[in-house]
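Participant: using only what follows, build the 3D model:
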Amino acid sequence: MDKGTQKHSWTYEQGYLPGAQFPIYSTINAFNFNGLTLRVELYDDRNNLKLKKIECSKVLLNNESEIASPQAIFKVEQYVKSIFQQASIVIDSTATDTLEIRLEALDARLLGFFYIKAHGLCQIRVKYKELNKVYCCDIVDGDEHSPLSASAFVTRKTASRYMGSASIRENIEQFLVDLEKVNNNNVK
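Facilitator: Predicted coordinates:
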């Protein structure tokens, strides 16, 4: 997973409003894989698939938020590196076990007229050993694992960044739960 030297060219659904940076959240639950070594291959399939909605949500993707940019794959990469490090997973390009992560959709939507709800939408496909699964998340402000309460007072840009980021975290955490099962040979 090499970032390269690509220049960011963000487009903004909300204009150039002030807002917090795109955060990297820790998982809700703690994981310890005791130095499991994986070769990680990360792919961005969003442009090929052009999904209009994800499997777990009725919200339509408009792909006009800043995280719809091709550079958003680097945020997913940062997440994988950060969460795997926290979970004692070592990313090694020479490892024999390969984990393939395919980003299929990533968007943040602000829906409503007077009472706005912020959605973080993410869908990834993960292949590892016998596991081949789609992970999907539509997290809304006020949800149990949301970084924002339903009544949070933040800019639109901040809400989009926080919720988009939380949706990535939710999918990676769902995968880590399954990874524990795979490593214990309990995959169903």
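Participant: run through who's touching stretch 126-137.
Facilitator: Stretch 126-137 is touched from outside by 38, 54-57, 97-102, 104, 120-125, 167, 170-172, 174-175, 178-179, 182, 187, with contacts defined as C-beta atoms under 8 Å, 6 or more residues apart in numbering. (C-beta placed from N, C-alpha, C; glycine too.)
Participant: for it, how far is the first residue from the last?
Facilitator: With C-alpha to C-alpha, to the nearest Å as the measure, the ends of stretch 126-137 fall 14 Å from one another.
Participant: which of the contacts of stretch 126-137 count as buried?
Facilitator: Among the contacts of stretch 126-137, those scoring as buried are 38, 54, 57, 99, 101-102, 104, 120-125, 167, 170-172, 174-175, 178-179 (criterion: 16 or more other C-beta atoms under 10 Å).
Participant: now, which of those residues lie within strands?
Facilitator: When the buried ones among the contacts of stretch 126-137 are checked against strands (DSSP state E), the matches are Leu38, Leu99, Ile101, Arg102, Glu104, Gly120, Leu121, Cys122, Gln123, Ile124, Arg125.
Participant: can you put those in a markdown table and add distance to Gln78 and pLDDT?
Facilitator: Formatted as a markdown table, the entries for these read as follows, by distance: C-beta to C-beta, whole Å; pLDDT from 0 to 100:
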| residue | distance to Gln78 | pLDDT |
| --- | --- | --- |
| Leu38 | 17 | 96 |
| Leu99 | 16 | 96 |
| Ile101 | 13 | 97 |
| Arg102 | 17 | 97 |
| Glu104 | 18 | 96 |
| Gly120 | 16 | 87 |
| Leu121 | 19 | 91 |
| Cys122 | 14 | 94 |
| Gln123 | 18 | 96 |
| Ile124 | 14 | 97 |
| Arg125 | 19 | 97 |
